[in-house]
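Trainee: When you get a sec, could you give me coordinates for this:
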Amino acid sequence: MGDDHMTNRTIGVTGATGALGGRVAARIARLGLPQRFIVRDLNRAPEYPGSSAAMATYEDTSAFERACRGVDTLFLVSASESEDRVLTHLNAVDAAVGAGVSHIVYLSFLGAGPASTFTFARTHFFTEAHIRSTGVRHTFLRPSLYLDLLPHWVDDEGVVRGPAGDGRIAWVSRDDVADVAAGVLTDPDTAARTTNTTLDVTGPEALGLAATVDKLAALTSRSIRYVPETWEEALASRRATGAPEWQVEGWASSYAAIAAGEMDVVSGTVPKLTGHPAQSIEGFLRRHPSALAHVAV
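Mentor: Sure, this is the predicted structure:
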């Protein structure tokens, strides 16, 4: 696509064909603001009035830089987990800065740090550090684990297994994360207040996995229980899938991070920036009554 369609103040959105980026794109479209979708497949790009699409991957620095030309603020959704995800992110950041993007809103993860128990969170820390080093204005959104994915933690027999111990987590809905992201991307006052800041984005309460599954069982009248695993048991059970070791460790370490207390955070970001309360487990199930239909009654 040529450069003649590019205009100032355009919001760039990556991940627009995905569950989170698609929600953000829809919210921006409802406000009637111009946006550029940077996608791997143009045929899958959303179509909204005032929107355009450019094809690029994070790995293709030249194409990503071309796609970002004319973009003022970029919503950078983290890439799928991989062994080289940090390098993939750094390529995209450098390309965006080279294209003249002035503000990067990066979708990070709660508790991102160089020694985070959750191994996938470490890549977010190094990505954040690189974004800071460029001098570009930035906002880091650090959501907790998605409430939308909680039903997938429950197997067909109604069991959640993992080394989470008695740790707690404040599950957050994708809708709430999208509302926060859209506010930062589209509202000048919100953007100004959150520039060069890190925002934890969580649900309204932190619960242990035992309490979480008890609530799921009570709300759905299904038999759901939590079975704690040791670290070695968690690795062994996940190795059976045939996944590579880095991925197995990532899956297991998400539970271990809960046990370590690294997910025990409840923030006021959602109500403060959106004007509505963060969605609870009860609220999520009211909106998605069939979320646990795979579990036998």
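Trainee: Helices of the stretch 51-200 of the chain, residue ranges please.
Mentor: Counting by DSSP state H, counting those that start in this stretch, one finds helices in the stretch 51-200 of the chain at the ranges 61-68, 85-99, 119-134, 150-153, 174-186, 188-194.
Trainee: centre of the chain versus the fourth one, how much separation?
Mentor: The chain centre lies 16 Å from the centre of helix 150-153; the measure is C-alpha atoms, centre = their mean, to the nearest Å.
Trainee: Please save the CA atoms from that helix in CSV.
Mentor: Included here for helix 150-153 are C-alpha records, laid out as CSV according to Å, rounded to 0.1, in the frame of the first residue of the first chain:
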residue,chain,number,x,y,z
LEU,A,150,-10.0,-19.1,32.9
PRO,A,151,-12.5,-21.6,31.5
HIS,A,152,-9.7,-23.2,29.5
TRP,A,153,-7.8,-23.9,32.7
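Trainee: mind listing what's buried in it?
Mentor: Across helix 150-153, burial judged by 16 or more other C-beta atoms under 10 Å covers 150, 151, 153. Quick note: C-beta positions are derived from backbone N, CA and C, even for glycine.
Trainee: Could you do the first one as well?
Mentor: For helix 61-68, a neighbour-count test (16+ other C-beta under 10 Å) marks 61, 63, 64, 65, 66, 67, 68 as buried.
Trainee: Give me the angle between that helix and helix 85-99.
Mentor: With axes from the mean of the first three to the mean of the last three C-alpha atoms, to 10 degrees as the basis, helix 61-68 and helix 85-99 are set at 50 degrees to each other.
Trainee: Contacts for helix 61-68, please.
Mentor: With C-beta atoms under 8 Å, 6 or more residues apart in numbering as the test, helix 61-68 has contacts from 3, 12, 36, 38, 54-58, 74, 91-92, 94-96, 98-101.
Trainee: Now which of those would you call buried?
Mentor: 12, 36, 38, 54-58, 74, 91-92, 95-96, 99, 101.
Trainee: Could you dump the buried residues of helix 150-153 into CSV and include distance to residue 43?
Mentor: Shown next, in CSV, are the buried residues of helix 150-153 (distance: C-beta to C-beta, whole Å):
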residue, distance to residue 43
150, 32
151, 30
153, 32
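Trainee: Check whether residue 221 really touches residue 296, as I assumed.
Mentor: No. Using C-beta atoms under 8 Å, residue 221 is not in contact with residue 296, being 11.3 Å away.
Trainee: Just give the closest residue to the residue nearest the centre of the chain, not the sequence neighbours.
Mentor: The C-alpha lying nearest the average C-alpha coordinate of the chain belongs to residue 107 (C-alpha atoms, centre = their mean; 5.5 Å). Spatial nearest neighbour of residue 107, excluding adjacent residues (C-beta to C-beta, 6 or more residues apart in numbering): residue 77 at 4.9 Å.
Trainee: So for the one you found, what's the pLDDT?
Mentor: Note for residue 77: predicted pLDDT of 98.
Trainee: What is the burial count for residue 237?
Mentor: 15 (other C-beta atoms under 10 Å).
Trainee: could you point out which element follows the helix or strand harbouring it?
Mentor: According to DSSP states H and E, residue 237 maps onto helix 231-239. For helix 231-239, the following helix or strand on the C-terminal side (DSSP H and E) is helix 245-259.
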